[in-house]
Each structure stands twice: as structure tokens, then as C-alpha cells.
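Participant: Dropping the sequence and predicted coords here.
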Amino acid sequence: MVGLDKFKEAFSQYSDNCVIIGGTACEIVMRGTAIRPRATHDVDMIVVVERMTPEFGQRFWDFISEGGYSPEKYKVPDKGHSKYQLYRFVNGRVGYPEMIELLSRHPDVLGEPRGLVIEPIPIDDEVSSLSAIIMDDDLYNFTVGHSIVTDEIRHADALALIALKACAYLNLLKDKNDGRHVNSKDIKKHRSDVLKNVVILEETEVYAPAKVVDVVQEFISSLRNDWTQLASPLARALDSDENFVSGLLDILETIFVAEES
């Protein structure tokens, strides 16, 4: 991915402070496997609030300035007791990631940048599914707990990516059904990414919060309910056949087990 080396150079000392998710994380976990990740030019990440340091905050804003990004932010509506702030950084210089999206579990945890003016994300703009993915604290905690470090970059593992991508898929599907503008490519992207991560899984069972298990099960049900329309495109996306894809759903159905409350 273009710009990943720049990102690693800037944040290798801060691998405990943030977790890379999205397409970049998929690219990392699929290295050395038979699965071909899709091309990506963006970095999606979440701040690990519990390990936040002023040094990381300053380094982050320095990177945004060095990369020549145009910063924007969007206040995600409150849910429960947690507040989330979505930051979007676009139009990075050549050699930097094209776009960075970062979600903070609490507003303004990164502090105020020096020499940068942050504009609000336009209200009618397409706010990415990232804002909806981590709004749930159970999913946030599951992602942080299922993150690993590869080549000095902390990223979500395949289990966390399955949960995140399933959530993104369901959110976008709901938005589409509600009449909101949704890019159909994003729906297909998240859908196939879930199944690609199932292929590379080494675990056969994982205990997860009930809400996370519910998301995964709802994803499976959604695909099965539309199986007649989805079987063929899913098989093409995975360079396989429909029986193989159906088998992946069977496997996925047994992997996520609800933790005892």
C-alpha cells in the first residue's frame, strides 16, 4: 500500500496507542496466504484511549501536517455514556496514504493541533461506516483485545476484522434500505472481506461479547436470506464456487461464542 512505510516510520514507537483496521489491516493479515487482498489507499484506525499519551497526540498531528492533509472532523451522535469523534484527513502528499480516518472513543482525546484548522465534515457528505462500526463499546474492546503487531504496526487480527466488516456491511445495508446514498462497492467490499478473513482463520472458536456474536450471526442470516442473488458474486469474489462459500458461512456460524455474563 502506498504510504504505509511513511506511516510505519512515523508511528513504530506508538504501536500501543492505535489500532489499524479496514483494508490496510486486511492487507497485512493476508500477506503470505493464498487470499488476494483488495487494493487500498487509505488508513483507517482507532485510538486506544486507555493508552493515550501526549507524545502520540503530538506525533499524530505532526504527521498530518507533514503529509499536507486537509483535516475534517465529525461528532458522532452520543450512544450510552461514550462519545466518539471521527477525524478524516484527505489529499495527502505523494508518498503518504491518500486518506486517513481515525475514530476516537472520546472527543478531543488527541488534543488541539498547532497550525492546523480542522473543518467540520459536511453534513451531507458520505460519512464512512467507520463512525458506526466502533460506536459500540463491546466491538471497540473486542477489536483492541484482538489486535496484534506485525512489522511494528498494530492492527486488528482476522477475528476482529470479521466482526468489524460484518458490522460495516449491516450498517451500510440498513442505510441503503432506509433510502440513504450508499456506494454499492462498499457493501460488496465488506461482504467479501468478511469471508476472506474466514478463509485465513486459524482459530476454531472465540469467546466474544453477545453483541459481537449477534452482529456476526445477523451477517450470516443476511447472506443466506439473499443467497440466490449473492451466491454467484460471492464465489467470484473468492475465486471459488458456491459450495465453498456456503461452507465458509457454516464455519463462521460456529466460531463466535457468546461470553457468559
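Facilitator: Thanks, I have it. Numbers count the residues shown, from 1 in each chain.
Participant: ok, longest helix in the protein?
Facilitator: helix 158-177 (DSSP state H).
Participant: State the next helix or strand along the chain beyond it.
Facilitator: As assigned by DSSP states H and E, the chain's next helix or strand after helix 158-177 is helix 184-200.
Participant: helices or strands next to the next helix or strand after that next one in the packing?
Facilitator: As assigned by DSSP H and E, the chain's next helix or strand after helix 184-200 is strand 206-208. Packed against strand 206-208, as judged by 3 or more C-beta pairs under 8 Å, 6 or more residues apart in numbering; DSSP states H and E, are the following elements: strand 256-258. Bear in mind the C-beta positions are built from the backbone N, C-alpha and C, glycine included.
Participant: same for the strand it packs on, what does it pack against?
Facilitator: By 3+ C-beta pairs under 8 Å, 6+ apart, strand 256-258 packs against strand 206-208, helix 210-225.
Participant: what's the offset of that strand from the middle of its chain?
Facilitator: 20 Å (C-alpha atoms, centre = their mean, to the nearest Å).
Participant: Equivalent analysis for stretch 34-48, please.
Facilitator: Distance, centroid of stretch 34-48 to centroid of chain: 8 Å (C-alpha atoms, centre = their mean).
Participant: end to end, how far does that stretch reach?
Facilitator: One end of stretch 34-48 sits 31 Å from the other (C-alpha to C-alpha, to the nearest Å).
Participant: Can you mark which positions in that stretch are buried?
Facilitator: 35, 37, 40, 42-48 (16 or more other C-beta atoms under 10 Å).
Participant: Ok, which of the helices and strands packed on strand 256-258 comes nearest Leu234?
Facilitator: Of all these, helix 210-225 sits nearest to Leu234, with 7.5 Å by C-beta to C-beta.
Participant: Give me the angle between the closest one and helix 184-200.
Facilitator: Counting by axes from the mean of the first three to the mean of the last three C-alpha atoms, to 10 degrees, helix 210-225 points 110 degrees away from the direction of helix 184-200.
Participant: Name the residues that touch helix 210-225?
Facilitator: 136, 138-139, 142, 162-163, 166-167, 169-170, 173, 191, 194, 230, 234, 249, 252-253, 255-259, 261 (C-beta atoms under 8 Å, 6 or more residues apart in numbering).
Participant: Report the next helix or strand after it in sequence order.
Facilitator: That would be, after helix 210-225 and using DSSP H and E, helix 227-237.
Participant: counting contacts, what elements does that following helix pack onto?
Facilitator: Counting by 3+ C-beta pairs under 8 Å, 6+ apart, helix 227-237 packs on helix 184-200, helix 242-255.
Participant: Quick check: end-to-end length of stretch 16-25?
Facilitator: 15 Å.
Participant: starting at the chain centroid, how far to it?
Facilitator: Centroid separation for stretch 16-25 versus its chain: 7 Å, with C-alpha atoms, centre = their mean.
Participant: pLDDT (mean, whole number) over that stretch?
Facilitator: Averaged over stretch 16-25, pLDDT sits at 93.
Participant: Just the residues contacting it, thanks.
Facilitator: Counting by C-beta under 8 Å, 6+ apart, 1, 4, 11, 28, 37-38, 40, 42-48, 51-53, 56, 101-102, 130, 133, 143-144, 147, 153-156, 160-161, 164, 189, 193 sit against stretch 16-25.
Participant: quick one: the nearest residue to Lys176 once chain neighbours are set aside from Gly22, how far?
Facilitator: Take Lys176 and drop its neighbours on the chain: the residue closest to it by C-beta to C-beta, 6 or more residues apart in numbering is Val182, 4.3 Å away. According to C-beta to C-beta, to the nearest Å, Val182 and Gly22 sit 17 Å apart.
Participant: Who has more neighbours out of those two?
Facilitator: Neighbour totals were compared for Val182 and Gly22, and Gly22 leads with 27 against 18 (other C-beta atoms under 10 Å).
Participant: Narrow the contacts of helix 210-225 to those that are buried.
Facilitator: So, of the contacts of helix 210-225, 136, 138-139, 142, 162-163, 166-167, 169-170, 173, 191, 194, 230, 234, 249, 252, 255-256 end up buried under the neighbour-count rule (16+ other C-beta under 10 Å).
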